[in-house]
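>>> Structural data only, the sequence is not supplied:
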């Protein structure tokens, strides 16, 4: 890191950023350990239970003849699903943390400002139009998410505070929901059944071919976001302060908006609507570590992966051998948390 970058980083670190409440490295280590345990539990749990003691042998191929079915369930069904839930949860949580810094608003997340519904609209239009293959559907989802994010950003800048952002999100979600309803109305019976289950969020379509694309894509974007921690810290200080520190805000915002749409759009095409992960996880990470993005972003990635892995495991176990859509589980948890945030913000404003 050159001298100018070091000066920027130290200036951003000194000014106005809340101090972390806990030491960051132990928290990150604990999150990684919890994620590993959750992944093992999710791999072993389901309609067909797999003993924990058999997991190492099944993973490394040292199996008995009677273990062929268990190995097939673990390697072909459970493990791809667990890895997809980790990648999707990390992408959603980090996207939420980036958007909260970008808009300087603690309520910003891909679902509330319309990017998830815009991505869903693009994917639904592609499906109803008869598009085949993940690249086409993911490209349509990316285009819809990018357009929705741009509209929310432009509208949100016209109002101070969170009013413009939330109003833009309401408008985008309403328009996208109406368009999705129209597409659903003209869909065939097979498309309608698929769209109904897909819209509630599901990780049932996970496989190794899907992970071969989605895993490296998500890791690449997460690495880019983590490299931008200095810029995200500067955004928290305000436009004038960030400009004085030497950051070019206009191209930075364009890059971040594009990266968020690239992260969320293909994920929505794959998993459907999974809400509130991008809102809940960054807030919990910020409560533990403060607003320093050098630690907040990896904590959000680990926390998002952990949260969605646990939510998908619960969705598979609550009504086993059937399963709930994972979007319903995250909504049941995230909805009350969102109300708590609103009440907490209202008490602070009243105290001031």
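In hand now; what should we look at? The structure presented is a predicted model; accordingly, all values stated were derived computationally and were not measured.
>>> wait, residue 126 sits on residue 143?
No - using Cβ atoms under 8 Å as the test, residue 126 is too far from residue 143 to be in contact (9.4 Å). C-beta here means a position set from N, CA and C on the backbone, and glycine is covered the same way.
>>> what's the neighbour count on residue 61?
By the criterion of other Cβ atoms under 10 Å, residue 61 has 9 neighbours.
>>> Quickly note the distance from the spatially closest residue to it that is not a sequence neighbour to residue 191.
Nearest residue to residue 61, sequence neighbours excluded (Cβ to Cβ, 6 or more residues apart in numbering): residue 71, at 7.7 Å. Distance, residue 71 to residue 191, using Cβ to Cβ, to the nearest Å: 35 Å.
>>> try residue 262
If you measure residue 262 against residue 191 using Cβ to Cβ, the figure is 26 Å.
>>> The two - which one has more neighbours?
Comparing residue 262 with residue 191 by other Cβ under 10 Å, the one with more neighbours is residue 262, at 21 against 17.
>>> Which residues are in contact with that one?
Residue 262 is in contact with 142, 217, 221, counting by Cβ atoms under 8 Å, 6 or more residues apart in numbering.
>>> now swap in residue 90 and tell me
Counting by Cβ under 8 Å, 6+ apart, residue 90 makes contact with 218, 222, 300, 301, 302, 304, 305.
>>> Closest to residue 277 out of the residues you listed?
Comparing the contacts of residue 90 against residue 277 with Cβ to Cβ places residue 304 closest, at 5.5 Å.
>>> In which helix or strand does the most centrally placed residue in the chain reside?
Taking Cα atoms, centre = their mean as the criterion, residue 92 is the residue nearest the geometric centre of the chain, at 0.7 Å. According to DSSP states H and E, residue 92 maps onto helix 79-103.
>>> what's the angle from the strand or helix carrying residue 279 to helix 79-103?
In the assignment (DSSP H and E), residue 279 maps to helix 277-289. If you take axes from the mean of the first three to the mean of the last three Cα atoms, to 10 degrees, helix 277-289 sits at 70 degrees to helix 79-103.
>>> So which elements touch helix 277-289?
Applying 3 or more Cβ pairs under 8 Å, 6 or more residues apart in numbering; DSSP states H and E, we find helix 277-289 packed against helix 24-44, helix 79-103, helix 293-317, helix 326-351.
>>> buried residues in the first one?
Yep, that's helix 24-44 we're talking about. 24, 27, 28, 31, 34, 35, 38, 39, 42, 43, 44 (16 or more other Cβ atoms under 10 Å).
>>> any idea of the mean pLDDT for stretch 117-126?
Averaged across stretch 117-126, pLDDT comes to 87.
>>> now do stretch 283-294
Stretch 283-294 comes out with an average pLDDT of 90.
>>> The stretch 101-250 of the chain: helices as residue ranges?
Using DSSP state H, counting those that start in this stretch, the helices of the stretch 101-250 of the chain run over 115-128, 134-156, 163-186, 189-199, 208-227, 229-237, 239-244, 249-271.
>>> which one of those helices has the most crowded surroundings?
helix 115-128 (a mean of 27; mean count of other Cβ atoms under 10 Å).
>>> what's residue 318 in contact with, if anything?
Listed by Cβ under 8 Å, 6+ apart, the contact set of residue 318 reads residue 324.
>>> again, but for residue 89
Contacts of residue 89 (Cβ under 8 Å, 6+ apart): 277, 281, 304, 305, 306, 307, 308, 309.
>>> With residue 34 instead?
Applying Cβ under 8 Å, 6+ apart, one finds that residue 34 lies in contact with residue 306.
>>> And it, what's its pLDDT?
97.
>>> sorry, back to before: columns neighbour count and distance to residue 240 on top of the contacts of residue 89, output as a markdown table?
Converted to a markdown table, the contacts of residue 89 look like this (neighbours: other Cβ atoms under 10 Å; distance: Cβ to Cβ, whole Å):
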| residue | neighbour count | distance to residue 240 |
| --- | --- | --- |
| 277 | 31 | 33 |
| 281 | 29 | 30 |
| 304 | 30 | 32 |
| 305 | 30 | 36 |
| 306 | 24 | 37 |
| 307 | 26 | 36 |
| 308 | 31 | 38 |
| 309 | 27 | 41 |
